[in-house]
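Student: using only what follows, build the 3D model:
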Amino acid sequence: MALDRWIALLFVAFCCVYGYAAFFTMDGLLPPFMQRNPVWPSTFPKMLAVAGCLIGLIVLLGLEKPTEEKTPGATDINIARLGEYKVGQAVLLLSLMVAYALFLRPAGFLLATTSFLVAGSFVLGERKFHVMIPVALLATVGVWYLVQEVLGIFLRPFPFFLGN
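Tutor: Residues are numbered from 1 along each chain as shown. So this is what the prediction gives:
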């Protein structure tokens, strides 16, 4: 089995576990008055889980590739040429995601997310800090506003020592 199908299999397994958590564990913790809302906090995770499973199954079953093409193309993952890919960047981005998850609660959403976006774009090769920082700040504040004010989900904006 090709590497992309193994990755798709892992992705489908991850989406199934994520979907199980979204469908069966998140809704049980809701207070009764929130269960009458048309959009619950678990709605988006449920949609992500279903979409992830469908996309993973499409790749796993090979439905996205035309049947005539048997030779590997330039976009196919070749494990023999793994050293030519930017594995270091991918590992660094995964490390940044883990650090972001650990840093989110003590630092607050605005600082943690802005730092993650700036560091992530730096890892991906962007060097224009005068563009990166305002864009990261704007995106972070926009997402925080949508989650906090539109969805009504509390998201601590500032570090714990600055209060709520």
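
Student: and the end-to-end length of stretch 120-131?
Tutor: One end of stretch 120-131 sits 14 Å from the other (C-alpha to C-alpha, to the nearest Å).

Student: what's in contact with that stretch?
Tutor: Residues outside stretch 120-131 that contact it (C-beta atoms under 8 Å, 6 or more residues apart in numbering): 89, 92-93, 96, 118, 132, 136. Quick note: C-beta positions are derived from backbone N, CA and C, even for glycine.

Student: give me that answer again for 10 Å
Tutor: Contacting residues not belonging to stretch 120-131 are listed as 86, 88-93, 95-97, 100, 118, 132-133, 135-136 [C-beta atoms under 10 Å, 6 or more residues apart in numbering].

Student: ok, for Val141, nearest residue in space, not its chain neighbours?
Tutor: Leu110 (6.9 Å; C-beta to C-beta, 6 or more residues apart in numbering).

Student: about what we covered before: most neighbours among the contacts of stretch 120-131, please name it.
Tutor: Ala136 (20 neighbours; other C-beta atoms under 10 Å).
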